[in-house]
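Participant: fold the stuff below for me.
(one chain, ligands or ions: 1)
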Amino acid sequence: MKKAYYIHPIQLNEDTFLYYNAYSNVYLFLSAEKHNIFQATDANQLKLTDNELYHKLLEGEFLLEDDIDETKITEFFRNVKKMDTSQYHIVINTTLDCNLNCWYCYESKVEGSILTEKTIELIKKILNKGIWKSHTKS
Ligand code: SF4
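Facilitator: Okay, here's the model as predicted:
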């Protein structure tokens with residue numbers, strides 16, 4: 001058993017932590033005491049240390065079997081989604097100057113970057129031409 005990789009604990013106040021598991025898309029509130037237990041305890045020991053916490057974490061996939069590779073599974077589903085022609089997704093990245101600081105960030109941030117007027121016009125042109133519409137099934 002191991003702790004999930006894509007877990008984000010956020011301290012909401014002195015007594016409460018919000019845990020988000022980006023792999024399973026599950027949120028969980030933990031008391032500061034349970035947070036400390038989770039942080040300090042090996043995944044295999046959690047069942048013995050706090051059985052209730054262990055099952056709660058297991059249910060939200062905050063604990064996983066050792067042979068589960070979350071990254072590979074996520075990549076697999078991302079590729080399945082990419083190949084899915086039933087929907088056409090357009091993502092407009094308005095800036096490369098993200099103001100978050102995720103520990104796993106893979107982006108090259110460009111401070112102060114914004115869309116230029118020229119780029120906005122090109123985006124509008126693409127959307128107005130409806131090129132994307134021909135890719136969608138009705
Ligand atoms: S660009 Fe990086 S820091 Fe910003 S949300 Fe994405 S992963 Fe997080």
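Participant: can we go C-alpha only for contacts and neighbour counts from here?
Facilitator: Noted.
Participant: now the residue nearest the centre of the chain. Nearest residue, chain neighbours left out?
Facilitator: Among the residues of the chain, the one closest to the centroid is Ala22, at 3.5 Å (CA atoms, centre = their mean). Spatial nearest neighbour of Ala22, excluding adjacent residues (CA to CA, 6 or more residues apart in numbering): Tyr6 at 5.4 Å.
Participant: burial measure for that neighbour, as a count.
Facilitator: For Tyr6, the count of nearby residues is 17 (other CA atoms under 10 Å).
Participant: and it, what pLDDT?
Facilitator: Predicted confidence (pLDDT) for Tyr6: 92.
Participant: so it makes contact with Asn21?
Facilitator: Yes: Tyr6 sits in contact with Asn21 when judged by CA atoms under 8 Å, with a separation of 5.7 Å.
Participant: tell me how this protein divides into domains.
Facilitator: Listed by automatic domain parsing, the domain ranges of the chain are 2-64, 87-135.
Participant: select from those the stretch with the lowest mean pLDDT.
Facilitator: Averaging pLDDT over each of those puts domain 87-135 lowest, since it has a mean of 85.
Participant: quick one: is that domain near the ligand?
Facilitator: Yes: residues of domain 87-135 are located near the ligand by CA under 6 Å from any ligand atom, namely 98, 100-102, 105, 107.
Participant: please state the offset of that domain from the chain centre?
Facilitator: Using CA atoms, centre = their mean, to the nearest Å, the distance from the centre of domain 87-135 to the centre of the chain it belongs to is 19 Å.
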